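>>> how does the following fold in three dimensions:
(one chain, ligands or ions: 2)
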Amino acid sequence: MNSPSAPSLVAAIPQPAMLIDVRDRIIGVNAEARAVLGREVMNQPLITVLRQPALHKAIARCRQSGQREETRIVIQQGTQDHSFTVSCAPLRLNRVDGVLLCLEDLTQLEQAGQMRRDFVANVSHELRTPLTALMGFIETLQGPARNDPKAQERFFSIMQLEAGRMNRLIKDLLSLSQVEGQERIRPDALVDLDTLLSSTIRALAPQADRNATTMRLDVQAHDPTVTADEDQLRQVFVNLIENAIKYGGKDGTVTVTVEGLERDPAIRGPALKISVCDTGPGIDPIHVPRLTERFYRVDSHRAREMGGTGLGLAIVKHIVSRHRGRLRIDSTPGQGSCFTVILPRAA
Ligand SMILES: Nc1ncnc2c1ncn2[C@@H]1O[C@H](COP(=O)(O)OP(=O)(O)OP(=O)(O)O)[C@@H](O)[C@H]1O
Ligand SMILES: [Mg+2]
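Numbering: from 1, shown residues only. Ligands and ions are numbered 1, 2, ... in the order given. Below you'll find the model as predicted:
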């Protein structure tokens, strides 16, 4: 059997790859590598394509040792720098002593690492605030307030509040990771939205009463059934209605509407549109795209005072995506906000 040609061998590699000859001229390049480099580089000297001393040193080491060598390089793509690991392997092909260069894009890995670090930093920060308060009160109770029952009572109730905040944060974090873990598993129960929303609203009535909020449910769709995970869907509407009560201000109205859509373009089929609208101060448009990020709060001090962890809408987004639905946020400052969930109708 004949040896493969350099271009066909390099084309068969699924990651960006190039083959260079003894004089470091590119004698094979695949489409993936062309996409990374942004141009045709066949037959060009490698030095004019990638002016990276570390790479040329690795190639020299590889030729000398006859072993595979690795190095890291940065390639500018548009306005962004991408990091790559390049493996240089000696390759003798048709009596030519070449070196095969295979690139692995590390950008996504690095971004995932950064996200993980940010997440841990956020969680630690969120837990540290109530924990610091608790430690301070314990110290006061052991010292200056040791014989002051009035102060003790006050401190205990604040400690209970802070411990409650930590508890809620951990509950939300667990629920978020559970929802993320199930994102690829399709829900399979038939859920009637009229029943689900009525009972959710009933359960939140005490909270609404304390805030003098009026709640309304308006089901316009006929037979509003969806294929869903009932507990998760309930959590979506608890989070949205709770927000509407909390941030909608005193004496407001929260209206939950269920409409049928004959065909939703994104869902590509019949859908149900559930809107949770409040009459509160609304949200400045600059915040809207970021609301579903974990720990994002518009007025973090105020939201934290209200017991918010900033995870509610992140949970909503993941659950809606597991249900192959969409979440839309519309808000006019001064007039209120509408959080709309669009779900495919059960077949
Ligand atoms: N209906 C609303 N009106 C005005 N602002 C809202 C509304 N819903 C959410 N927000 C803003 O979006 C932020 C994020 O909401 P989210 O539900 O994710 O977190 P939270 O309510 O602060 O905490 P949690 O829901 O975890 O207790 C809130 O802090 C608030 O600033
Ligand atoms: Mg919330």
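
>>> hey, what's G260 bridged with?
With DSSP bridges as the criterion, G260 is bridged to L272.

>>> contacts only, for it.
For G260, the contacting residues are 220-222, 224, 270-273, 345, by C-beta atoms under 8 Å, 6 or more residues apart in numbering. The way it works is simple: take the backbone N, C-alpha and C, and place the C-beta from them, glycine included.

>>> from these, which is closest to S5?
Using C-beta to C-beta, A271 comes nearest to S5 of the contacts of G260, at 53.1 Å.

>>> now do the same contact list for the closest one.
Taking C-beta under 8 Å, 6+ apart, we find A271 in contact with 260-261, 263-264, 325, 342-345.

>>> cool, L169 as well?
By C-beta under 8 Å, 6+ apart, the contact list for L169 reads 123, 126-127, 309, 311.

>>> show me the two of those residues that sit farthest apart.
L127 and L311 (12.7 Å).

>>> so the two - more neighbours on which side?
A direct count of neighbours by other C-beta atoms under 10 Å for L127 and L311 places L311 higher, at 21 against 15.

>>> what's the helix or strand for the closest residue to the more buried one other than its chain neighbours?
Take L311 and drop its neighbours on the chain: the residue closest to it by C-beta to C-beta, 6 or more residues apart in numbering is D172, 4.1 Å away. Using DSSP states H and E, D172 sits in helix 149-181.

>>> any idea how far the helix or strand following that helix is from the chain center?
The helix or strand immediately downstream of helix 149-181 is strand 189-192, counting by DSSP H and E. For strand 189-192, the separation from the chain centroid amounts to 27 Å (computed by C-alpha atoms, centre = their mean, to the nearest Å).

>>> same check, this time on stretch 298-314
Relative to its parent chain, stretch 298-314 has a centroid offset of 17 Å by C-alpha atoms, centre = their mean.

>>> cool, stretch 216-233 as well?
Using C-alpha atoms, centre = their mean, the offset of stretch 216-233 from its chain centre is 26 Å.

>>> so which residue is dead centre in the protein?
By C-alpha atoms, centre = their mean, the mean C-alpha position of the chain lies nearest to E293, the distance being 6.5 Å.

>>> how near is that one to ligand 2?
E293 sits 13 Å away from ligand 2, going by C-beta to the ion, to the nearest Å.

>>> T200 now?
As defined by C-beta to the ion, T200 lies at a distance of 14 Å from ligand 2.

>>> which SSE is that residue in?
helix 193-203.

>>> how about that helix: buried residues?
Buried positions in helix 193-203, judged by neighbour count with 16 or more other C-beta atoms under 10 Å: 193, 196-197, 200-201.

>>> same question for stretch 76-87.
82, 84, 86-87.

>>> one more: stretch 153-165?
Buried residues in stretch 153-165 (16+ other C-beta under 10 Å): 155, 159, 162, 165.

>>> got JSON lines for the residues you listed, with distance to V49 and pLDDT too?
Listed next are those as JSON lines, based on distance: C-beta to C-beta, whole Å; pLDDT from 0 to 100:
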{"residue": "F155", "distance to V49": "68", "pLDDT": "92"}
{"residue": "M159", "distance to V49": "64", "pLDDT": "94"}
{"residue": "E162", "distance to V49": "59", "pLDDT": "91"}
{"residue": "R165", "distance to V49": "56", "pLDDT": "90"}
